[in-house]
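# next come a sequence and a model predicted from it.
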Amino acid sequence: MPILPLLLLLTSAPPSPADSVDVLVRGGTVYDGSGGPARRVDVGIRGDRIAFVGDAAKAKLSAGKTIDAAGLIVSPGFIDPHTHSFDGLPNISEERRKNTGALMQGVTTVVTGADGRGPLDPAAVLAEAERLGIGTNTYTLTGFGTVRLRVMGNSSAAATPAQIDSMRALIAGAMGEGAFGVGSGLFYAPQSYATTEEVIAVLKGATPYGGVYDTHQRDESSYTIGLLNSVREAIRIGRETGLTTNIGHVKALGVDVWGYADSVLALMRAERATGHMVVADQYPWTASGTSLVASLVPRWAESGGRDSLKLRIADPATRDRMLVEMRENLRRRGGDSTLLLTGGGAAAKPYVGKTLKQVAAEKGAGAVETALDLIGGVGDMGVASFNMTERDIETFMKDPYVMTSSDGSGGHPRLYGTFPRKIRRYVLDKPVITMERMVRASSGQVAEVYGIPDRGALKEGWFADVIVFDPKTIRDEATYVEPEKLSTGLRWVFVNGKAEVADGAPTGALAGKGIRKAVKPK
Ligand SMILES: [Zn+2]
């Protein structure tokens, strides 16, 4: 299956420098994704490629359409390495396939398969997604969680040697179809039941292909092994499988680990000094987005899945044991006023937009008792959990190996606002990082870490994923109360040479492609 797209890629040679282009973006301030300073150059697009970067007047270039980019910033389209935009592809709605919220942030490529839930058949998934149409490009990570669920269900047991062999073979199969690496979400059940050794043994299926081990790590806080031991585990898994380690949405979650950003970065730096690449990505928000169960309920209570959890909630002795641990989990996250209920099924509607503290007061019950009643009654609910400090966020952001990601998911403004927010808040209003660094951390660096070919830079012959935005008006509009407001400031967004955003408005062009890694096992 990957052979045909590969041949197409090889036979469609990049165009030579042109004397005419379809679209000329003229006179903009250009950050090319390399991290270098801005240049005043013109960018020409022909077909699906960048055909010209330079002085168009001097080159006497003619253009079908000219965009006056004076006063505007031109850069490669952003690549988002931690998203849930296309989870469930190809079986998602056309609205989701359009991915308008990402496009209006300047994002032209998103990963599919964060948190270990990526597909085992990426070739078929991408082919079908392309047939139906997607608004942004996407590349895949296969998933440790997907294989464990497939082979072991929701079991908390240790994997047998035969099960490890099955899981390893499934990972190898997905890598052979062009996945760029393997994701894990060791914080979540049932992935949390796997030991480090099990994860390493299974991920050796990816070793011959190389790529990235991307993880929502086992502990971003003080839940189990602690933040620093969790980072050490992520590093070790990458080292022993020969994969680049990427710490997904790096953070110091909760009062027990506030101020640990420097220590996390020091561990990463020390490992890079040995020759093993370790990077991270980050979203610029003090609240994480998760669920009541994931944030408060102990993992042992989830063994066997949701039905088993409900039985445990109904059993008074087990319920009491759960409540004790939930009180501790709520404390480390910052207490009942820091959990904002953001979504759930129809029955959960009356509680959306309220804090756990408010709902508990209405019910006249304790906070964790209320949480358990909600889980047992209306089901699990989405929460925004305010558990990070600005200081840690800025420390991570300034590190040259920390990239931008959204981890976009329903109910949290990061799905619609991450990239413009980082530009507005941390580049323009308070210069924590430079625009050069912002663009590089959001495009070229991601492409290099993942090995995504011919994207992430403004170079002649490369794919025309090009964005034009206005530094005067760019900003996130989404809030925790209204998380689905589109960002403003993006004037033009080209995906493979087609305008997905034209003059500030989405076009619904569905110009995205599935990106497959050129597969050659070592
Ligand atoms: Zn995650």
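Everything's here; your move.
# show me where pLDDT drops low in this structure?
The model of the chain has pLDDT under 70 over residues 1-18, 521-522.
# show me what from it comes close to the ion.
For the chain, the contact set with the ion under Cβ under 5 Å from the ion comprises 115, 216. All C-beta atoms are positioned from the backbone trio N, CA, C, and that covers glycine.
# now do 8 Å
Selection of the chain residues close to the ion by Cβ under 8 Å from the ion yields 82, 114-115, 185, 187, 216, 248-249, 407.
# what's the closest of those residues to the ion?
Relative to the ion, the closest of the residues of the chain next to the ion is His216; by Cβ to the ion it sits at 3.4 Å.
# gap between the closest one and Phe86?
His216 sits at a distance of 17 Å from Phe86 (criterion: Cβ to Cβ, to the nearest Å).
# more neighbours: which of these two?
Phe86 (27 against 24; other Cβ atoms under 10 Å).
# right, and that one touches Arg96 too?
Yes - with contact defined as Cβ atoms under 8 Å, Phe86 and Arg96 form a contacting pair (7.3 Å).
# what is the burial count for the closest residue to Thr142 other than its chain neighbours?
For Thr142, ignoring the flanking residues on the chain, the nearest one in space by Cβ to Cβ, 6 or more residues apart in numbering is Ala174 at 3.5 Å. The tally of other residues near Ala174 (other Cβ under 10 Å) stands at 27.
# any idea whether Ala174 is helix, strand or coil?
When classified by DSSP: H, G, I helix; E, B strand; the rest coil, Ala174 comes out as helix.
# now do the same contact list for it.
Taking Cβ atoms under 8 Å, 6 or more residues apart in numbering as the criterion, Ala174 is in contact with 118-122, 140, 142.
# so which of those are in helices?
When the contacts of Ala174 are checked against helices (DSSP state H), the matches are Pro122.
# redo the contacts of Ala174 as a markdown table? Include neighbour count and distance to Val231.
Converted to a markdown table, the contacts of Ala174 look like this (neighbours: other Cβ atoms under 10 Å; distance: Cβ to Cβ, whole Å):
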| residue | neighbour count | distance to Val231 |
| --- | --- | --- |
| Gly118 | 28 | 22 |
| Pro119 | 24 | 27 |
| Leu120 | 17 | 28 |
| Asp121 | 17 | 31 |
| Pro122 | 31 | 28 |
| Thr140 | 29 | 25 |
| Thr142 | 31 | 23 |
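# how about stretch 393-404: buried residues?
393, 395-397, 399, 401-404 (16 or more other Cβ atoms under 10 Å).
# for it, how far is the first residue from the last?
12 Å (Cα to Cα, to the nearest Å).
# stretch 56-64 too?
End-to-end for stretch 56-64, by Cα to Cα: 13 Å.
# next, the buried residues of it.
56, 61, 63.
# report the longest helix in this protein, please.
The chain, longest helix under DSSP H: helix 316-333.
# ok, then the element right after it?
strand 339-343 (DSSP states H and E).
# following the chain past that following strand, name the next helix or strand.
Next helix or strand after strand 339-343 toward the C-terminus (DSSP H and E): helix 356-363.
# in that following helix, what counts as buried?
356-360.
# for the longest strand seen in the chain, packing partners?
Counting by DSSP state E, the longest strand found in the chain is strand 20-30. The contact analysis (3 or more Cβ pairs under 8 Å, 6 or more residues apart in numbering; DSSP states H and E) places strand 20-30 against strand 39-46, strand 49-54, strand 62-68, strand 73-76, strand 466-469.
# deepest of these, which one?
Comparing those by mean neighbour count (mean count of other Cβ atoms under 10 Å), strand 73-76 ranks first with a mean of 28.
# that one pairs with which strands?
strand 20-30 (parallel), strand 466-469 (antiparallel) (DSSP bridges).
# list of residues touching that strand?
25, 28-33, 38, 43, 106, 108, 435, 439, 443-444, 455-458, 465-471.
# try it again with 7 Å
Residues outside strand 73-76 that contact it (Cβ atoms under 7 Å, 6 or more residues apart in numbering): 25, 28-31, 33, 43, 439, 443-444, 456-458, 465-469, 471.
# ditto for stretch 147-162
Stretch 147-162 is contacted from outside by 120, 163, 166-167, 170-171, 190-191, 193-195, 198, 202, 303-305, using Cβ under 7 Å, 6+ apart.
# buried sites along it?
147-149, 151-152, 154-156, 159.
# stretch 111-129 too?
Using 16+ other Cβ under 10 Å as the test for burial, stretch 111-129 gives 111-123, 125-127, 129.
# can you pull up the most central residue in this protein?
In the chain, the residue lying closest to the centroid (Cα atoms, centre = their mean) is His82, at 0.9 Å.
# and the furthest pair within the contacts of stretch 147-162?
Ile171 and Gly304 (24.4 Å; Cβ to Cβ).
# list the contacts of the residue lying closest to Arg168 once chain neighbours are set aside.
Leaving out its chain neighbours, the residue that sits closest to Arg168 by Cβ to Cβ, 6+ apart is Gly205, at 3.9 Å. By Cβ under 7 Å, 6+ apart, the residues touching Gly205 are 168-169, 171-172, 175.
# mind giving me the ChimeraX select for these, buried ones only?
Selection of buried members from the contacts of Gly205 for ChimeraX, criterion 16+ other Cβ under 10 Å:
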select :168,171,172,175
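# which of the contacts of Gly205 lies closest to the ion?
Ile171 (19.3 Å).
# wait, the closest one sits on Val182?
Yes - counting by Cβ atoms under 7 Å, Ile171 does reach Val182; the two are 6.1 Å apart.
# which residues do these two both contact?
Joint contacts of Ile171 and Val182 (Cβ under 7 Å, 6+ apart) are 142, 203, 206.
# dig out what the first one forms beta bridges with.
By that I understand Thr142. Beta-bridge partners, per DSSP bridges, of Thr142: Val182.
# just the ones of the buried residues of stretch 393-404 in strands?
402-404.
# now those in a markdown table, with distance to Arg516?
Converted to a markdown table, those look like this (distance: Cβ to Cβ, whole Å):
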| residue | distance to Arg516 |
| --- | --- |
| Val402 | 27 |
| Met403 | 21 |
| Thr404 | 24 |
